[in-house]
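Engineer: I would like the atomic coordinates for the input below:
(one chain, ligands or ions: 1)
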Amino acid sequence: MHGANTREESQSLQTIKYTFQPHGDDRGQLIALEEFRDIPFAIKRVYYMYDTGEGVVRGHHAHKSLEQILICIHGKCKIRLDDGTETKVVPLEKPYEGLYIANNMWREMFDFSPDAVLMVLASDIYKEEDYIRNYDEFLEFVKRG
Ligand code: T46
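Structural biologist: All right, here's what the predicted structure looks like:
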């Protein structure tokens, strides 16, 4: 069933957390995600990370134009978002929750549980030139609009 997903928006940092509607029955749960219906962009790439060591912080970058949805499909982790003015930590703890991350947003992923699998749906293929890996450059990029 489509159309039953919910979306919570935080105005201050413009974060959007999706709660996807599972197709549950007596066999268990299934979540289906379709581009432009459940996901607000064409999905050009899927990647996921697992076996993340204790205390590891990943990310430390922003993207000039990439849009993504992060789903912790197993275990737990936290995402720190920073728009250059404010920061916010969003826990991802359920396989039916998705965090939308727009471009121009510094992100760090941390506090991974040993069993965490963080899956990412991305609006484009991997392009190193889309990354901003220096925080001061990120602040400049955001200031320029
Ligand atoms: C992001 C956060 C949430 C590839 O070859 N192709 C890919 O599509 C990706 C994502 C990575 N790689 C290579 C590049 C590096 O040698 O895999 C290695 C690890 O990538 P990275 O250090 O960028 O991983 P994270 O976890 O710091 O960041 C990733 C994404 O790169 C990034 O776009 O927003 O997850």
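
Engineer: Flag every residue of the chain that's near the ligand.
Structural biologist: Counting by CB under 6 Å from any ligand atom, the chain comes close to the ligand at 45, 47, 49, 58-59, 68, 107, 109, 120, 126. (Each C-beta comes from the backbone N, C-alpha and C, glycine too.)

Engineer: if you set the cut-off to 8 Å instead, what comes out?
Structural biologist: Residues of the chain that fall close to the ligand, judged by CB under 8 Å from any ligand atom: 45, 47, 49, 58-61, 63, 66, 68, 70, 79, 101, 107, 109, 118, 120, 122, 125-126, 128, 131.

Engineer: Start from the N-terminal end of the protein and give the strands.
Structural biologist: Applying DSSP state E to the chain gives strands spanning 6-10, 15-19, 45-49, 58-63, 68-74, 77-82, 87-92, 97-101, 106-110, 117-122, 131-132.

Engineer: Nearest to R144, out of those?
Structural biologist: R144 lies closest to strand 131-132 among the strands of the chain, at 11.7 Å (CB to CB).

Engineer: ok now the closest one, how far from the chain's centre?
Structural biologist: What separates the centre of strand 131-132 from the centre of its chain is 16 Å, taken as CA atoms, centre = their mean, to the nearest Å.

Engineer: Having no further points to raise, I will conclude here.
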